[in-house]
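# have a look; sequence and predicted model below, questions after that.
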Amino acid sequence: MSDDSSSQRRYDRICATLPVRVSTIEPENDPHTGRPFFRALQETCANVSRGGAFVRTRESLTPGRRVLLELSLPSGAQVETIGRVAWTKRVISPASAEPESGIGIEFLGAASEHFAALEQFLRRDTKPNADDSAER
């Protein structure tokens, strides 16, 4: 039995380096002052599908936390979706190295026009591989 998690995904992912803004929806409490605050991160998406995205970040967001995700597509379209941090990946590396740490975000919902823009982007950037063309 393979432990390849891609076989368990509902949607195929494509590699895509896209600017993304991740904002927390529920406030956190500052451990020093006790005051509530929200996070807003400007990061880079490494891959995306109809069901979610992997966002490179060194910030720690706990699984289950709801976020607003704003993806900037190459066409200039913005995709805004509510998501849930599904998992985190922490890699210890020098600060100068390319960050491999990040968060997997499951899309929970968005306006239909935002999902339509995302699906159009995914269709345009998805190229059939040799296995797909052999079945045609």
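Arrived safely, thanks for sending.

# from here on, just use CA atoms for contacts and neighbour counts.
Will do.

# list the buried residues in the strand or helix carrying residue 85.
Element membership of residue 85, judged by DSSP states H and E, is strand 78-89. For strand 78-89, burial by neighbour count (16 or more other CA atoms under 10 Å) applies to 78, 79, 80, 81, 82, 83, 84, 85, 86, 87, 88.

# reformat those residues as CSV; add distance to residue 105.
Listed next are the buried residues of strand 78-89 as CSV, based on distance: CA to CA, whole Å:
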residue, distance to residue 105
78, 17
79, 14
80, 13
81, 10
82, 9
83, 6
84, 5
85, 5
86, 5
87, 7
88, 9
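
# now the longest helix belonging to the chain: buried residues?
The longest helix of the chain (DSSP state H) is helix 112-125. By neighbour count on 16+ other CA under 10 Å, the buried set for helix 112-125 is 114, 115, 118, 121, 122.

# who are the packing partners of the strand holding residue 85?
With contacts defined as 3 or more CA pairs under 8 Å, 6 or more residues apart in numbering; DSSP states H and E, the packing partners of strand 78-89 are strand 66-72, strand 102-109, helix 112-125.

# closest to residue 25 out of those?
For residue 25, the closest of the helices and strands packed on strand 78-89 is strand 66-72, at 5.3 Å, according to CA to CA.

# grab the nearest non-local neighbour of residue 63.
Counting by CA to CA, 6 or more residues apart in numbering, residue 63 lies nearest to residue 85, which is 4.7 Å off, once chain neighbours are set aside.

# so which of the buried residues of strand 78-89 comes closest to residue 51?
Proximity of the buried residues of strand 78-89 to residue 51 (CA to CA) peaks at residue 83, which lies at 9.5 Å.

# perfect, I'm done here.
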